[in-house]
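> Predicted model and sequence below, questions to follow.
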Amino acid sequence: MYGSGPTLKPELCIWPSSALATGFAEIEISKLMYKIIFLLIGLNSFQGCIKTAPEISGDQEEGNNCTPQFPDKQVSYENYAKNIINRYCTESCHRGGNTPGTGNFTTYRGIKPYTGSTFYYRVIQDNADMPQDNAPLPRNIRDSLNIWIKNCAPQN
């Protein structure tokens, strides 16, 4: 029984099986494309939910041409910003060396390069993402830091 029946020639079997395989490959590629599209849409949607401020390059774009915007407000690094930065920024991250945060904010010289637009977006704005696990800071602190930055981040 096992040996009876029509004999198939190998040449005749190659074409139908390869056409069948090609059809399966097209189906698999089509399924893969749908999965990739779905994944990209999902990632794009998820990205909109992450609470991070945009990274803005060009800190210190004002350079030495900075004009204080609130000259009647006397908020400086020494009389205000230093205490806030030490409390919220350098306690756990921005101490320099092998700490998680970039930069060393323990001194005026260390934080000054970061007092441009990135500081505004990361710390001051309503959607700020710094300090980590404590953002945004209370409105009154952010307002005072904003005055400090808008007044060219004076040291004294």
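Received the coordinates, thanks. Residues are numbered from 1 along each chain as shown.

> residue ranges of the helices in the protein, please?
In the chain, the segments counted as helices under DSSP state H are 10-49, 82-85, 108-111, 117-119, 139-150.

> Mind splitting the chain into its structural domains?
Here the domain parsing of the chain from automatic domain parsing is 9-50, 63-150.

> per-stretch mean pLDDT over the helices of the chain, give me the minimum one.
Of all the helices of the chain, the minimum mean pLDDT falls on helix 10-49 (a mean of 60).

> what's the burial count for Y121?
When neighbours are defined as other Cβ atoms under 10 Å, Y121 has 18 of them. Where you see a C-beta, it was placed from the backbone N, CA and C, and this is true even at glycine.

> my bad, should have said F105
F105, neighbours per other Cβ under 10 Å, totals 23.

> Quick check: it touching T115?
No. Taking Cβ atoms under 8 Å as the definition, F105 is not a contact partner of T115, at 10.2 Å.

> Please read off the pLDDT at Q69 from the model.
Q69 is given a pLDDT of 90.

> Excluding covalently adjacent residues, which one is nearest to it?
The shortest distance from Q69 to any non-neighbouring residue, by Cβ to Cβ, 6 or more residues apart in numbering, is to K150 (4.1 Å).

> OK, contacts around the one you found?
K150 makes contact with P68, Q69, F70 under the criterion Cβ atoms under 8 Å, 6 or more residues apart in numbering.

> How about V75?
Residues near V75 by Cβ under 8 Å, 6+ apart: A81, S144, I147, W148, N151.

> what do you get for K82?
The contact partners of K82, by Cβ under 8 Å, 6+ apart, come to Y108.

> about what we covered before: M130 versus the residue nearest to Q69, what's the distance?
For K150, the distance to M130 equals 18 Å [Cβ to Cβ, to the nearest Å].

> cool, and T106?
From T106 over to M130 (counting by Cβ to Cβ), the distance is 16 Å.

> T118: neighbour count?
For T118, the count of nearby residues is 19 (other Cβ under 10 Å).

> right, I mislabeled it, should have said R87
Counted with other Cβ under 10 Å, R87 comes out at 13.
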